[in-house]
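>>> Structure for the following, please:
(2 chains)
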Number of protein chains: 2
Amino acid sequence: MNNHLEVWSQFELELAGSKSGNPFLDVTLSAVFTFQHRSIEVNGFYDGNGLYRVRFMPDTVGEWRYRTISNLDELDGITGSFICSPALPDNHGPVRVENTFHFAYTDGTPFYQVGTTCYVWNHQGDELETQTLDTLRTAPFNKLRMCVFPKDYLYNKNEPLYYPFERTENGSWDFTRFNPDYFHHLEQRVGDLLALGIEADIILFHPYDRWGFATMDRETDDLYLRYVVARLSAYRNVWWSMANEFDLMRQKSMADWDRFFRVVQENDPYQHLRSIHNCRGFYDHGKPWVTHQSIQHSDLPSTEHWRNQFRKPVVVDECCYEGNNPKGWGNITAQEMTHRFWEGTVRGGYVGHGETYLHPEDILWWSKGGVLHGQSPERIAFLRQIMEAGPAQGLEPVSDVAYPEYPAACKGDAYFLIYFGIKQPAEMTFTLPLNNHYTGEIIDTWAMTVTPWGQNLLGEFTAQLPGKPYIAVRFQKM
Amino acid sequence: MNNHLEVWSQFELELAGSKSGNPFLDVTLSAVFTFQHRSIEVNGFYDGNGLYRVRFMPDTVGEWRYRTISNLDELDGITGSFICSPALPDNHGPVRVENTFHFAYTDGTPFYQVGTTCYVWNHQGDELETQTLDTLRTAPFNKLRMCVFPKDYLYNKNEPLYYPFERTENGSWDFTRFNPDYFHHLEQRVGDLLALGIEADIILFHPYDRWGFATMDRETDDLYLRYVVARLSAYRNVWWSMANEFDLMRQKSMADWDRFFRVVQENDPYQHLRSIHNCRGFYDHGKPWVTHQSIQHSDLPSTEHWRNQFRKPVVVDECCYEGNNPKGWGNITAQEMTHRFWEGTVRGGYVGHGETYLHPEDILWWSKGGVLHGQSPERIAFLRQIMEAGPAQGLEPVSDVAYPEYPAACKGDAYFLIYFGIKQPAEMTFTLPLNNHYTGEIIDTWAMTVTPWGQNLLGEFTAQLPGKPYIAVRFQKM
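The predicted model follows:
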């Protein structure tokens, strides 16, 4: 048992106990972790083979003590302690909402969300999953959306390697008995992402189902949620997405979705980020348990509207996918994907990538991972560099730097980023504050170049632009 | 005096009379033109130098008789006749609304509106105006929007060669005395367009004014309208646009616009097409005197909505201009302009071109004419060929040929044109009627190629597509 570990990493208590009856249902187990006068109660879970576990993610350096609580004598009243040491350089803690519309790690390091989607990459077998991890190692993404359950959909007809539940003798699911192997594998992949510095946006429900996981009853749904949260919440890179396209799951009511949020919130000691992804209509992101808006929509200019409406970060997790498949959501160009990233960014939001090029073996990145075929990821990497070189705590949309119809972002009067999108002005009148001097740079978002363009700029002035699409201009206080 | 002329051309009666007082106000003159038992009363006008004119456009082959009516004895009761001969091959008569949403010449020849805009090309002097006509000779446009009044706006600061009114001794305008030279020149240019087979969409009012023509009083406005209509309505290529960006003319009320429509309608014996162009909010195109919708808007997919809303042809006369100027309306790419033409076309509407590349002498096509610099006109010419090779009486939008989100147009079950826009599908499932066989062709709207692609197609089938943007597919009954 580890007794010395880094802050925001995972302490795990493994306990042996009876496996009689149905330990998933019959055994209660938790542990109270105490730092000085602060105590946190954390649920444990049954992991099969007579082993029970409690996982905990300490958030404070120093000595933590714990004591277990269980209805099984052999699991109850077990005590211990460990020393929590400072974070190593790449560990900044879980991501939180920062400055109303933005994100930061717990230690204050800005987190500029650059997402992608590989819905069921974790159900494709080690060879392909390893290839996906290799791809992610050099890709620009720091968040990945993935499902707990397997997926049945266009280009997704293969059976998963593992199933989340045991089967009864007649072959139907025993929804009261989880399959620990399934969750070990899921945890391995969440951990693999953590090692790559990638947040795992865990999609708890989705409608693309032929196994019955989309139509479980209320008690099963809640049992499942509590089990997943008990197993995964100590991973600092976890985000919770209640569903993908929740509005396509006809068997669930809005009351169900509200309850799912509450079950997750009540069982997660760390209050990881929580959201829910739509097909058409949005869930009410104003509800208090929603931490940020996870949006499927093609109209990136609406980012400002959504910010204003709900006063929470906007993450356009799905703005169509770069690719060439027949579906309207799956065949935008790399230019358009890059454009949507820039449009959402200068509107004060965050955007998600995905890729859906047809593949002879149906290995489309958006669902199964593998390798990337498109041209947008390197441009998205370039945008990430621009964002990370920008001011901390994110950009706010502003409308009076260039002609009002061009989207622009600022940070106070220190930084301005204007983006002209598909428009190709050859000159432009800008209006900068009069009390500072600025450097100006031309950013070609497609060619990925930054060209110095002016010094000592202030007030109103007219300047030449390249006269082609996908150009941005950056002004920074000298 | 001509006494033998082609149908739909112009018969002109020139009469000498007193020029005492103010003939523009004091003299009433009309003529009744009679064919068998049908009579049409047409207004005349004073043309300066003691000359009065009545113009008439006969619509029927045979003998026409006329008799003048005037409060001046020397102009009253003059009679005569002329023979109207059949139309020569290029003369199809004025353009009318056809089949609810489309246009045709009076003889039934389809008119596929392919517009452009040169707002004040007719105020630029003979050299540039001749160059504009030379450009139009080989350009794809069959309708041109142009203003009666000169224009004061960005890139438009030059004085016109002529002014529409005489000046009083103190230098202000005498709004009761028109300047015949001004109108002679206007008529020459309308006639030049007619000779090129181009409809002249005459913009009667506009807000870009430093001379006072946008702020005349009610009586002057009406006098002006009657005068212009008396002079120009016998040109068969005239369309009437009450205004450009009517909603920017703050001095005019909605009652004024309604009245202008009625004045034009009441004074135009031929009922030329009538519309009005907006900046932001639309005029109510449902009003009975509006023959078609002249729209400024960037959202071409709304074409179907506008059709359904008003049940009149949709002409998106302004969808932004190809160019590189700083304004958002003036710097879309040739790709985007071409794309908007296709999008509007397969939605069952018509689109207008314009071009606004910066020019060292401020000669921007959109306003002054000259030469074309852009890359969209040749693609628009290609689209016009596609339209003219298609079924008569226009295309209707349809949504169930390809995946429903791709716009498509059809003509019954004989013709289908599907356009994928910026999307780049590499394959697609189509659903054609089962009771016919079709040929299929791939149209690259940017490369301007038509590639045979299939024979004997019917029912539902999946086929390869190029996997790049700006592709259309055409199916025609074999």
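>>> Please, where are all the helices along chain A?
Remark: helices assigned in chain A by DSSP state H are A:23-26, A:126-138, A:180-195, A:218-232, A:254-267, A:303-310, A:334-346, A:365-368, A:376-388.
>>> Among those, single out whichever gets nearest to residue A:401.
Among those, the nearest to residue A:401 by C-beta to C-beta is helix A:334-346 (10.4 Å). C-betas here are computed from N, CA, C, even on glycine.
>>> now the angle between helix B:334-346 and that closest one, please.
Interaxial angle, helix A:334-346 versus helix B:334-346 (axes from the mean of the first three to the mean of the last three C-alpha atoms, to 10 degrees): 100 degrees.
>>> Now helix A:334-346 - C-alpha only, PDB.
The C-alpha trace of helix A:334-346 is given here as PDB (Å, rounded to 0.1, in the frame of the first residue of the first chain):
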ATOM      1  CA  ALA A 334      -9.800  21.300 -42.600                       C
ATOM      2  CA  GLN A 335     -10.200  25.000 -43.500                       C
ATOM      3  CA  GLU A 336     -13.700  25.100 -42.000                       C
ATOM      4  CA  MET A 337     -12.700  23.200 -38.900                       C
ATOM      5  CA  THR A 338      -9.700  25.500 -38.300                       C
ATOM      6  CA  HIS A 339     -12.000  28.500 -39.000                       C
ATOM      7  CA  ARG A 340     -14.600  27.300 -36.400                       C
ATOM      8  CA  PHE A 341     -11.800  27.000 -33.800                       C
ATOM      9  CA  TRP A 342     -10.700  30.500 -34.400                       C
ATOM     10  CA  GLU A 343     -14.300  31.900 -34.500                       C
ATOM     11  CA  GLY A 344     -15.200  30.200 -31.200                       C
ATOM     12  CA  THR A 345     -11.900  31.300 -29.600                       C
ATOM     13  CA  VAL A 346     -12.200  35.000 -30.400                       C
END
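>>> if we can go back for a sec, highest average neighbour count across the helices of chain A: which stretch is it?
Most buried of the helices of chain A by mean neighbour count (mean count of other C-beta atoms under 10 Å in any protein chain shown) is helix A:365-368; its value is a mean of 27.
>>> which helices and strands sit right next to that one?
Counting contacts by 3 or more C-beta pairs under 8 Å, 6 or more residues apart in numbering or on different chains; DSSP states H and E, helix A:365-368 is packed against strand A:355-356.
>>> Please produce a markdown table containing the helices of chain A, extended by mean pLDDT and distance to residue B:355.
Formatted as a markdown table, the helices of chain A follow (pLDDT from 0 to 100; distance: least, C-beta to C-beta, whole Å):
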| stretch | mean pLDDT | distance to residue B:355 |
| --- | --- | --- |
| helix A:23-26 | 97 | 70 |
| helix A:126-138 | 98 | 44 |
| helix A:180-195 | 98 | 50 |
| helix A:218-232 | 98 | 58 |
| helix A:254-267 | 97 | 51 |
| helix A:303-310 | 96 | 31 |
| helix A:334-346 | 97 | 23 |
| helix A:365-368 | 98 | 39 |
| helix A:376-388 | 97 | 29 |
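>>> Relative to residue B:429, which of those helices is closest?
Nearest of the helices of chain A to residue B:429, taken as C-beta to C-beta: helix A:365-368 at 19.3 Å.
>>> Redo the helices of chain A as TSV? Include distance to residue B:329.
Converted to TSV, the helices of chain A look like this (distance: least, C-beta to C-beta, whole Å):
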stretch	distance to residue B:329
helix A:23-26	64
helix A:126-138	42
helix A:180-195	46
helix A:218-232	51
helix A:254-267	43
helix A:303-310	21
helix A:334-346	19
helix A:365-368	36
helix A:376-388	27
